[in-house]
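S.K.: Below are the sequence and a predicted model for it; my questions follow.
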Amino acid sequence: MTPGEPTRVGSAGWTAAWLTGAVALAGEGALALVVYFLAGLRNEHYFAAGIGAYVGYLIALVAASVMLALAGLIGSAAVVLPVVQLSRLSARRAGRAETKRWCLAVCGVVAATAAVCAGVPALLLGGGWTVLPVVLLATFVGLVPAVLCTRAVTVVRRNGARFGLAALVLAGGALLSAVVFVGGLVAYGTGLIQGYEPPRLTAAQLVGTWSDEHGGTLTLRPDGTALAHDLGARPEDETDDEGAPGRCEGTGTWAMGVSPSGTAQFELSVSGCMEGPGWHIGGTDERPTLYYWIGDPDSLNQYALERA
């Protein structure tokens, strides 16, 4: 052993190292999902309500936790442990002590290799050059915490302390994800970060022709009259037999209204079509939509029209 080289790890030690790498990767994945969710609140989104929806959310949470755990276990065995071993063996071949800096350098080499393997084919296939730096940064940032935590386990002498360190990494990852999640919700709730709001369109901005993806159109005229052509959800869009009215043709009227929450609401009166305040305004200021829910809103299935 060269001076400063970590003590050799036995089977129990490698088991602790494997678990540490797994919980570190799972914690990184959980944090990434939390950040992705919070960032998504700035875009158009809908949440179902009711007991059934809450049960579904709970099942999705359990399923995501299981998938993160499995991905962490596989990733630790396939990537993290080999990188830790590569760091130790390369330092030994070079006749140097295997330090944290050496380990970071090895992580950089592995990340660069991954970037080249992913970026070169992308460039040859006509992709952008940005693949290289993105893969390099993502691999390095994702690899370093897991590798350093796993390496720390291999330098601890007692197995009890090794498994204790694995538990500490697990608790730290869960706590960090919870803090970011709560902090993000507080930031949205206090207005520090602006969440998604439907566009506030005026009646003049609604005038024109709106269409669905199947050729159905709704023409809104400045005098308050409306013309519907082959308008309405198709059978493949419906979630049940009583989900939405059938397709309709005809003329009628339209007007702007106000929803119970105080936001602008679109009202249509064309015989056979979805009438009254069942329509909502969604999308963005650049690409607004007119939509109504097909069946129960908990299904998050909607029939939407975009400006033609």
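M.R.: That came in fine, so what should we check first? Numbers count the residues shown, from 1 in each chain.
S.K.: Show me the shaky parts of the protein.
M.R.: Within the chain, the set of residues satisfying pLDDT under 70 comprises 1-12, 235-246, 259-264, 275-277, 298.
S.K.: Could you identify the longest strand within it?
M.R.: strand 248-258 (DSSP state E).
S.K.: Could you pull out the buried residues of that strand?
M.R.: Residues Cys248, Gly252, Trp254, Met256 are the ones in strand 248-258 that count as buried (16 or more other C-beta atoms under 10 Å). Any C-beta I mention is one placed from the backbone N, CA and C, and that applies to glycine too.
S.K.: Write down the beta-bridge partners of the last one, one by one.
M.R.: Going by DSSP bridges, Met256 is paired in beta bridges with Phe266.
S.K.: roughly how far apart are it and Arg88?
M.R.: When distance is defined by C-beta to C-beta, to the nearest Å, Met256 is 69 Å away from Arg88.
S.K.: for Thr99, phi and psi?
M.R.: With angles defined as degrees, to the nearest 10, Thr99 shows backbone torsions of phi -100, psi 180.
S.K.: In space, not sequence, find me the middle residue of the chain.
M.R.: The residue lying closest to the centre of the chain (C-alpha atoms, centre = their mean) is Tyr36, at 4.1 Å.
S.K.: pretty sure Cys107 is touching Pro145, no?
M.R.: No. With contact defined as C-beta atoms under 8 Å, Cys107 does not reach Pro145; the gap is 9.9 Å.
S.K.: The two: which has the busier surroundings?
M.R.: Each of Cys107 and Pro145 has its neighbours counted (other C-beta atoms under 10 Å); Cys107 has more, 24 against 19.
S.K.: wait, what's in contact with that one?
M.R.: Residues in contact with Cys107, defined by C-beta atoms under 8 Å, 6 or more residues apart in numbering, are Val83, Phe140, Leu143, Val144, Val147.
S.K.: same thing but at 6 Å, please
M.R.: Shown here is Cys107, whose contacts under the criterion C-beta atoms under 6 Å, 6 or more residues apart in numbering are Leu143, Val144, Val147.
S.K.: helix or strand for Gly272, which one?
M.R.: In this structure, Gly272 sits in neither a helix nor a strand according to DSSP states H and E.
S.K.: can you check the one 10 residues further on too?
M.R.: Taking DSSP H and E as the definition, one finds Gly282 inside strand 280-283.
S.K.: quick one: the strands in the protein?
M.R.: In the chain, the strands defined using DSSP E lie at 208-211, 217-220, 225-231, 248-258, 264-270, 280-283, 288-293, 302-307.
S.K.: Can you show me the CA trace of the longest one as CSV?
M.R.: Backbone C-alpha positions of strand 248-258 (Å, rounded to 0.1, in the frame of the first residue of the first chain) are rendered in CSV as follows:
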residue,chain,number,x,y,z
CYS,A,248,-71.9,19.8,-33.4
GLU,A,249,-72.6,22.2,-36.3
GLY,A,250,-74.5,25.4,-36.2
THR,A,251,-74.6,29.0,-35.2
GLY,A,252,-75.1,30.7,-31.8
THR,A,253,-73.6,33.3,-29.6
TRP,A,254,-70.6,33.7,-27.3
ALA,A,255,-69.6,36.0,-24.5
MET,A,256,-67.0,36.6,-21.9
GLY,A,257,-67.7,35.7,-18.3
VAL,A,258,-66.0,35.5,-14.9
